[in-house]
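1. Generate coordinates for the sequence data below:
(chains A, B and C)
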Amino acid sequence: MSEAGFDGGTAAIRYNFAYLDEQTKRSIRRAILKAVAIPGYQVPFASREMPMPFGWGTGGVQVTASVLGPDDVLKVIDQGADDTTNAVAIRGFFARTAGIATTTRTAEATIIQTRHRIPEEPLRAGQILVYQVPIPEPLRFLEPRETETRRLHALNEYGLLYVKLYEDIAKHGHVATTYAYPVLVAGRYIMDPSPIPKFDNPKMDMSPALQLFGAGRERRIYAVPPYTPVRSLDFEDHPFRVQEFTEPCGLCGSRGVYLDEVVLDDRGGRLFMCSDTDHCEAVRAGKGAAAEASW
Amino acid sequence: MSGPRVAVEGVSKTFRMHLRGGLELPVLRDVAFTVMPGECVVLRGPSGTGKSSILRMVYGNYAVDTGSILVRSGRGTVDIATAAPRDVLALRRSTISYVSQFLRVVPRVSTREIVAASLSGDGIEAAAALDAATDLLLRLNLSPNLLGLPPATFSGGEQQRVNIARGFISSHPLLLLDEPTASLDARNRAAVVALIKAKKASGTAILGVFHDDEVREEVADRDVDVTAFVPGREAA
Amino acid sequence: MTGEPLLAATGVTRLYGDHIGCIDIDLAVWPGEVVAIVGESGSGKTTLLKCLAARLPPSSGTITYRSRDGAAEDIYRLSEAARRALMRTDWGFVWQDAAEGLRMTVSAGANVGERLMATGARHYGRIRSAAVDWLERVEIDARRIDDDPRSFSGGMRQRLQIARNLVTGPRLVFMDEPTGGLDVSVQARLLDLLGTLVRELGLAAILVTHDLAVARLLSDRIVVMKEGRIVETGLTDRVLDDPSHPYSQLLVSSVLQA
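-> All right, here's what the predicted structure looks like:
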């Protein structure tokens, strides 16, 4: 209870540490522990009303609130960027309700809440990556009945997902799914990795960091413990492949990172640039330093 | 040689017409006869005396009320009167062939394939079965350009010969013939007589009904007078 | 023939509240045997089929299935995983309504390939060539492989159902009025196909039909049902040519020629 009663930073309003009451956080932590114990399995939890609408990361926020301690350093990204409305709002929310330190630097963060990306900089042991998940059920669009999808998971019947891949290859010559690309976790459960680009899928495999997934509206939590094999579904003769970019980042020159296409002007001018703003800035700062040093 | 291929003993048959208030029509009583391997036994009697019914009972197509019909096969002797359906089917695949007056087949299948299918229980390769079917159909004077067509549109005589081919193609040791030459001309009758003689020579037991005296004289070794089995015709 | 039955029902009764589905059914099906269940609407034949096919637990009685390793097991005592594995490998289902047996919004190729993928096939090229092979065996133009069954005729849909089921080499196929609702000429083609496949593959099948001509052409044995009970059973041609039960006689006399 040491965290309780923290003065949220304003004189008038006092929040419990990280907004949620201790009872709620404990019940969410129990769900998280179960999720960690059964990698990739969707654990139901009693999702609470949060002071933000569903779709704004309520699942991720509840997970973050439950694992956050006073010494943590929080980073929040949305589509790779630290400076978008959603990221700024959530970072501000925890700064205010928990009084914790925040950062935009991947290496400095102990907890990173993310929507739609995994940072370019490899995560390390001890870090926690919290994903915001809109639809946790990878079978949802193939089998709408929840009772049936739960049975399919329980019985390890994943033929349907391969039917989807088969259809993609038959119709497009390749698997057309580019984000929320399903993965097999620890050889047992198939999991929706949230709408990250499939470019990021390989980063989940054997990651030293703990990966937690929270779906607020759907009331599900699931997890990938550190050093867990995560394999993207594929066929032997159509192996999984990530997107490739021919151009380097137009700002920092990085290759082998995920790029966003940005329209610059009305004349069709375009620029490919890092989706991970922290990575881009770090590379540019490094180059600047290197340039200064060589002067 | 060992005993008879088929031994009929004390067989009776009564039709019960439930749709006519349970009317009972006794058609046969105490039927008894045997057929030895290589022998052609002909059932004789005026029409309506139950000759076809006897053939059908031996084939398992009509139920037997009392008595036994013992058929000797490679795997022992089976009583058709009491055998389980799958045992009757096994006998039909291995031992008994039946040439009926009606051709009943799955539509759209070619004549050659229909005849070849009768060999499916004999473990003969598909191509060899088709060759054998073609051979036999040509010996029965069927036009070569009919063999690839389904028999549904054939004339009565042509269908009859397809039926005969189905019955004769296998080497089953018991052959039941129900008026096989009924709608055939002299040339085709002669072809069938030749086939029957060849079957007898190879040891096949034949039980038949022939309306044609000439054919019967040529093939029969022995007659069985069916009128002896007809119950009192008081109902007539 | 010797050997043990593939599927055996003993004293199977299914009640719907006070309403009767089927009563005290004993029925065995041997490997390679085609059994037709005939009777009019409401006779309980579809209820019985669902019980036998592990889709409707009987109120009482048992149904055992002999697996490839020779063990006979009560299908309603199998774990759900084992029962479902059985359904997508050893068993097949052909329904009158193709929408029940097919995925209408995925391609014909995926419909055929699904059972393979469900049983671990992970090579696209081989799945696709198996689908091509089976489409051809059921006489569907292989160029239609990427079309979905919504664009198929009724007869084609039934043939696709058959291909989808037979791709895993099942030993027992359940069919519920497989030719119902089809034109006569289309029916004939489907019957021919079913007859050929059943014979070639040595399949056992349980076929529910109200059409005695279909039963005669496809089945070895007939079970006649009336008001939930079996009133007569025997060799198909024996029952149709020399029916003994009053109801069988009525049924046979009610059709033009079967």
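
2. What's the mean pLDDT across stretch A:274-291?
-> For stretch A:274-291, the mean pLDDT works out to 88.

3. Point out the residues in the stretch 51-200 of chain C that sit beside chain B.
-> Selection of the stretch 51-200 of chain C residues close to chain B by CB under 8 Å from any CB of the partner chain yields C:A188, C:R189, C:L191, C:D192, C:G195, C:T196, C:R199. (Each C-beta comes from the backbone N, C-alpha and C, glycine too.)

4. From those, keep the buried residues only.
-> Using 16 or more other CB atoms under 10 Å in any protein chain shown as the burial test, those include C:A188, C:R189, C:L191, C:D192, C:G195 as buried.

5. Give me the pLDDT for residue 20.
-> Going with chain A. Per-residue confidence at A:L20 stands at 93 (pLDDT).

6. My question was about chain C, not that one.
-> C:I20 is assigned a pLDDT of 81 by the prediction.

7. For the residue of chain B found nearest chain A, grab phi and psi.
-> Chain A sits closest to B:R108 of chain B, with a gap of 31.7 Å, by CB to the nearest CB. Backbone torsions for B:R108, taken as degrees, to the nearest 10, come to phi 80, psi -10.

8. and the nearest residue to it once chain neighbours are set aside, what is it in contact with?
-> Distance criterion CB to CB, 6 or more residues apart in numbering or on different chains; nearest residue to B:R108, sequence neighbours excluded, is C:D192 at 4.8 Å. With contacts defined as CB atoms under 8 Å, 6 or more residues apart in numbering or on different chains, the neighbours of C:D192 are B:V106, B:P107, B:R108, B:V109.

9. So which residues on chain C come close to chain A?
-> Chain C comes close to chain A at residues C:80-81, C:84, C:88, C:103, C:106-107, C:109-110, C:113-115, C:117-119, C:121-125, C:127-128, C:145-146, as judged by CB under 8 Å from any CB.

10. give me the number of residues near residue 84?
-> Using chain A. 15 (other CB atoms under 10 Å in any protein chain shown).

11. Chain B, not that one
-> Neighbour count for B:A84, taken as other CB under 10 Å: 15.

12. same question, B:A117
-> Counted by other CB under 10 Å, the residues lying close to B:A117 total 21.

13. Surely it and C:R199 touch.
-> Yes - the criterion here is CB atoms under 8 Å, and B:A117 meets it with C:R199 at 7.4 Å.

14. Check which helix or strand the most centrally placed residue in chain C maps to.
-> Nearest to the geometric centre of chain C sits C:F174, at 1.8 Å (CA atoms, centre = their mean). In this structure, C:F174 sits in strand C:172-176 according to DSSP states H and E.

15. for B:A127, same thing?
-> Using DSSP H and E, the element containing B:A127 is helix B:126-139.

16. Give me every residue in chain B lying close to chain C.
-> B:15-19, B:56, B:60-63, B:85-90, B:104, B:106-109, B:117, B:120.

17. Any chance of JSON lines for the residues of the stretch 51-200 of chain C next to chain B, columns secondary structure and pLDDT?
-> Shown next, in JSON lines, are those (DSSP: H, G, I helix; E, B strand; the rest coil; pLDDT from 0 to 100):
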{"residue": "C:A188", "secondary structure": "helix", "pLDDT": "80"}
{"residue": "C:R189", "secondary structure": "helix", "pLDDT": "81"}
{"residue": "C:L191", "secondary structure": "helix", "pLDDT": "85"}
{"residue": "C:D192", "secondary structure": "helix", "pLDDT": "81"}
{"residue": "C:G195", "secondary structure": "helix", "pLDDT": "83"}
{"residue": "C:T196", "secondary structure": "helix", "pLDDT": "82"}
{"residue": "C:R199", "secondary structure": "helix", "pLDDT": "81"}
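
18. Name the nearest of those residues relative to A:T58.
-> A:T58 has its nearest neighbour among those in C:R189, at 57.6 Å by CB to CB.

19. show me the contacts for the closest one.
-> For C:R189, the contacting residues are B:R108, C:E139, C:G155, by CB under 8 Å, 6+ apart.

20. What is the burial count for the last one?
-> Counted with other CB under 10 Å, residues neighbouring C:G155 total 21.

21. longest helix in chain B, by residue count?
-> Longest among the helix segments of chain B by residue count, using DSSP state H, is helix B:186-201.

22. oh sorry, the question was meant for chain A
-> helix A:277-294.
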